[in-house]
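Participant: fold the following, please.
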Amino acid sequence: MHLSAFLSRFRDFAGRDSAAGLSVLLTMALGLGTAAGQAQELQVSAPTEATVGASVAVSFSGSGSPREFITVVEAGAAEGTYGDYQYARSNPVTLLAPVAPGNYEIRYLAADGPYPTLWRQGLQVTDASAELTAPAEVAGGDVVEVQWRGPDNKQDFITIVAAGAPEGRYESGYQYTSRGSPARLTAPDAAGEYEIRYLMGQSPYRTLGARKLIVRATAASIEAPARVPAGAVVRFSWRGPDNAQDFITVVPAAAADKDYGAYVYTKAGNPAQLLMPEEPGTYQLRYLTGQTYSVLARSPLTVTPVDASVAGPQTAEARSVVSVRWEGPDNPQDYVIIQPVGAQPSASGPYAYTQRGPELRITVPEAPGEYEYRYLTGQTQRQLASLRLTVTPRTAPGTLRVVGGGTEAGGPAADSVIVVLDASGSMLQRLDGERRIDIAKNSLTRLVREELPDGVQFGLRVFGHKETDSCRTDLEIALGPLDREQASVRVAEVNAMNLARTPIAQTLSLAGGDLAGAPGSHLIILLTDGEETCDGDPAAVIRSLRGGGLDVRVNIIGFAIDELMLRETFQQWAQLGGGQYIDARSAEDLAAGLASAIERPFQVEDAGGATVASGQVNGLAVELPPGDYRVKAAGGDALAVSVKASEEIVITLP
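Facilitator: Here you go, the predicted model:
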């Protein structure tokens, strides 16, 4: 505080006979003395000129408190005034010059109010300008290259606004000058007169340079069928600007212009395809711009009704398997399901997708009662057909468990083991409150820490954890002697990624390459919760692995697989691979299944010699109807066994 200000405050308080006033004056006097002492020691260095918005470096020595601060104010501003400031904690400090040219002061202020000035110096701020070079006219949504010259101060940026827009206005598609010249901006998609502006980075965002820009209107068209079945996939061609994020959507004919339903980006290609609504009615295909959802083209279409029928046994035993025939649209994800009579149509119950073929195999529910076969659509579960089904009580089965009596009978079944882990988007779904991928990682960690024998050659290949909408697969642990700690760390680092795809065939092929050259017998364990989605042929790959001279078996663990026909597909693949399919419905099943997957397989034959079940030595029990069977395992003689209803039989291989 200057002496004149102190005297003014003194005269003010002198007119009040107040002890409190005297106390305040004493405090002020002490502060004045302290400030004066500091001012004698304080040394500050700063420039006397700067352009608008420029960085101003101020260095100092002799600071008394890290809460003291440095600011820039208008010349002649009242004592204690401050604007943009920095605390005296680092040296030098950097301030930004004001956005308007004129006479200012740099002031070093004390830490406590009323913030007396400890040092000051004048600062002359001069104006700056910018030059812009760009096309005079572009089509709506085009990318505009803007060459610029200007001060390039902190946060300066270039934007496109409507002609005559108020000073300081900017739109979301701006670019900072710090990214260099030329700047690349997207022109508005609406035709009209605009301006490209160079704006300062500090509010109120003064314009340092501008250039006019004319945006031309763009045209588009869509060629599509006039009538389409409900829920069908429709292919259509289009013409348009194909700017970033432009898309084509299907909406009810009366929908507002900016509304959208199912859509496809134009960058996905031409012709394009869309899944039609399942509700019959009048609709439109619309071409919308990616910026403002402006409609550039419309194509009317009528969605027509579809129907279906189902046929199958009208009486079946609980937990048996029935064959169901159907007729219907077979649109994507349509399915036939068994549900209780009176229940709302939903995805809950044993089912099979119609894409599996005209005859579906479905497991009958466990509880006796009155049910229906239902044909449901894949998008909204519209019921297109139904047929009554009576479920009768099931004949109680028995169970058979096979254990090994020694290292020759049980124990590891291969010299080298590669685990293929599915980390695609579906593994993010929850099972009993826990993400599937976390359950799988816990079980795999237990396998490498506790179940695999010392000295086994181990590798880990993972897909679905690196890129969305990708068929990428990565070798996370190269085949080599098992390092339990390192393997546990790598497993813990895996995370499933939403929208990642399932390249089973490609990954199995690469796993075969990972094993090439390693001596001895090999085992590939595939752990997955879904089917191939990368257009591969896993069956062909497995045949190639087995027929290429490699001593390899393929075991498949299906995790939380609800659909019988998908489980049967996995069983067929495992049989082609000389291995076993293991069905895991819970965390406990998965842990036990992984542990048993490294054991030797066995088969169960009926009296006629047909294989009716299979499993792993020391693995999960298998269910069998009451009767007489023979159990066969590699390297051993067949053993006779009699299975009784509701009893578990345990046999030990010699």
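Participant: my guess is Arg89 meets Pro66, correct?
Facilitator: Yes - between Arg89 and Pro66 there is a contact under C-beta atoms under 8 Å: 4.7 Å. C-beta coordinates here come from the backbone N, C-alpha and C atoms, glycine included.
Participant: would it be right to say that Pro166 lies in a helix?
Facilitator: No - going by DSSP: H, G, I helix; E, B strand; the rest coil, the assignment for Pro166 is coil, not a helix.
Participant: where do the helices sit along the stretch 301-450 of the chain?
Facilitator: Using DSSP state H, counting those that start in this stretch, the helices of the stretch 301-450 of the chain run over 436-446.
Participant: so where's it shaky on pLDDT?
Facilitator: 405-413 (pLDDT under 70).
Participant: 50 instead?
Facilitator: For the stretch 301-450 of the chain, residues meeting the criterion pLDDT under 50 lie at 407-411.
Participant: ditto for the chain
Facilitator: In the chain (pLDDT under 50), the answer is 1-39, 407-411.
Participant: show me the contacts for the residue most central in space within it.
Facilitator: Ranked by distance to the mean C-alpha position of the chain (C-alpha atoms, centre = their mean), the top residue is Asn498 at 4.0 Å. By C-beta atoms under 8 Å, 6 or more residues apart in numbering, the contact list for Asn498 reads 425, 428, 468.
Participant: so how far is Gly530 from it?
Facilitator: Remark: distance between Asn498 and Gly530 (C-beta to C-beta, to the nearest Å) = 13 Å.
Participant: ok, Gln379 next?
Facilitator: Gln379 is 19 Å from Gly530, by C-beta to C-beta.
Participant: how about the strands in the stretch 101-250 of the chain?
Facilitator: 102-109, 117-126, 131-133, 137-139, 143-149, 157-162, 175-176, 183-186, 192-199, 207-216, 221-223, 227-229, 233-239, 247-252 (DSSP state E, counting those that start in this stretch).
Participant: in its sheet, what does the third one sit against?
Facilitator: Sheet pairing of strand 131-133 (DSSP bridges) gives strand 143-149 (antiparallel).
Participant: report the buried residues of the partner strand.
Facilitator: Within strand 143-149, the residues scored as buried using 16 or more other C-beta atoms under 10 Å are 144, 146, 148.
Participant: beta partners for the second one?
Facilitator: Val146 forms beta bridges with Ala183, as assigned by DSSP bridges.
Participant: coming back round to it: tabulate the contacts of Asn498 (CSV), appending neighbour count and distance to Ala162.
Facilitator: Shown next, in CSV, are the contacts of Asn498 (neighbours: other C-beta atoms under 10 Å; distance: C-beta to C-beta, whole Å):
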residue, neighbour count, distance to Ala162
Gly425, 19, 42
Leu428, 18, 44
Thr468, 12, 37
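Participant: in strands, which of these fall?
Facilitator: Per DSSP state E, strands hold no members of those.
Participant: nearest to Arg286 among the residues you listed?
Facilitator: Thr468 (26.6 Å; C-beta to C-beta).
Participant: which ones are touching the closest one?
Facilitator: Counting by C-beta under 8 Å, 6+ apart, Thr468 has contacts 497-500.
Participant: and Val341, backbone torsions?
Facilitator: For Val341, the backbone dihedrals are phi -60, psi 130 (criterion: degrees, to the nearest 10).
Participant: which residues does the residue nearest to it when sequence neighbours are not counted bridge with?
Facilitator: In this structure, Val341 finds its nearest non-sequential neighbour in Glu370, 4.5 Å apart by C-beta to C-beta, 6 or more residues apart in numbering. As for beta bridges, Glu370 partners with Thr390 under DSSP bridges.
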